[in-house]
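Peer 1: Fold the following for me, if possible:
(one chain, ligands or ions: 1)
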Amino acid sequence: MKATSSPSKTSVIALGVTGSIAAYKAADLTSRLVKAGVEVHVIMTAAAQKLVCPHTFLTLSRQPVITDLWNVPDWRPGHVELAHQAQLLVIAPATANCLAKMAHGIADDALSTCYLAHRGPVMVAPAMNPNMWMHPAVQENCDILRKRGVLFVGPETGHVACGQDGAGRMAAPEDIYHAVLQALEMERA
Ligand SMILES: Cc1cc2nc3c(=O)[nH]c(=O)nc-3n(C[C@H](O)[C@H](O)[C@H](O)COP(=O)(O)O)c2cc1C
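Peer 2: Sure, this is the predicted structure:
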């Protein structure tokens, strides 16, 4: 059992959700973090929205969900505002595509643009088919990101949704939750 301390000032995180079948688990992660007193602002990629409804995150986070780079109600785009505001950017699940874009500085949607605009720590929880995870292209992208200081949680080894066994399953929401609280220094290891 780990001790969780209440934050003196509300911690704000940006939670990127990408187009992995594990996207539904990000709802559990959001719920846990909100209960712990973290302000969670979700950014969903277009592929994530095919798998989970933005309204799920709107309700669980009690915050607007960024779903589109071009839907800008304010003078300052939401993804840039959030990049400045968030103490931590967490991407869970992180697809092979998302990791590749991060490694190579591609900014073609709200999440990848937020990543480049964010100056604080970044945490990813990769999730993909084991063959994808073991592909040299993915491994080399992850090496680039690790060298850049990006924190990795998982992936785990086990049975994945596509029916294969191996490494690539997203870390359990509970494990990502504890990693986030530790990164925010809300929890003693
Ligand atoms: C049902 C389904 C499940 C998918 N699951 C994964 C996955 O777990 N990991 C992954 O890297 N790609 C997965 N993909 C492929 C991605 O959705 C695809 O590469 C997409 O372009 C990712 O876009 P994003 O990174 O902007 O979210 C899946 C696709 C489908 C149709």
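
Peer 1: Could you tell me which residues make contact with the residue nearest the centre of the chain?
Peer 2: The residue lying closest to the centre of the chain (C-alpha atoms, centre = their mean) is residue 91, at 1.5 Å. By C-beta atoms under 8 Å, 6 or more residues apart in numbering, residue 91 lies in contact with 15, 16, 17, 18, 98, 102, 111, 115, 122, 123, 124, 125. C-beta coordinates here come from the backbone N, C-alpha and C atoms, glycine included.

Peer 1: That one sits in which helix or strand?
Peer 2: For residue 91, the element it lies in under DSSP states H and E is strand 88-94.

Peer 1: Direction included, what does that strand pair against?
Peer 2: The strands that strand 88-94 pairs with in its sheet are strand 12-17 (parallel), strand 122-126 (parallel) (by DSSP bridges).

Peer 1: Adding distance to the ligand, mean neighbour count and mean pLDDT, write these out as JSON lines.
Peer 2: Shown next, in JSON lines, are the strands paired with strand 88-94 (distance: least, C-beta to the nearest ligand atom, whole Å; neighbours: other C-beta atoms under 10 Å; pLDDT from 0 to 100):
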{"stretch": "strand 12-17", "distance to the ligand": "8", "mean neighbour count": "26", "mean pLDDT": "97"}
{"stretch": "strand 122-126", "distance to the ligand": "8", "mean neighbour count": "26", "mean pLDDT": "98"}
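
Peer 1: distance of residue 105 from the ligand?
Peer 2: For residue 105, the distance to the ligand (C-beta to the nearest ligand atom, to the nearest Å) stands at 15 Å.

Peer 1: and that residue, how many residues sit next to it?
Peer 2: Per other C-beta atoms under 10 Å, the neighbour tally for residue 105 reads 9.

Peer 1: excluding its backbone neighbours, what's nearest residue 166?
Peer 2: Once flanking residues are discounted, residue 166 sits nearest to residue 130: 2.9 Å by C-beta to C-beta, 6 or more residues apart in numbering.

Peer 1: no wait, residue 40
Peer 2: residue 61 (4.4 Å).

Peer 1: mind checking the SS state of residue 100?
Peer 2: helix (DSSP: H, G, I helix; E, B strand; the rest coil).

Peer 1: all numbers from here: first residue = 152
Peer 2: Shifting the count to begin at 152 puts that one at residue 251.

Peer 1: nearest spatial neighbour of it, skipping sequence neighbours?
Peer 2: residue 292 (5.1 Å).
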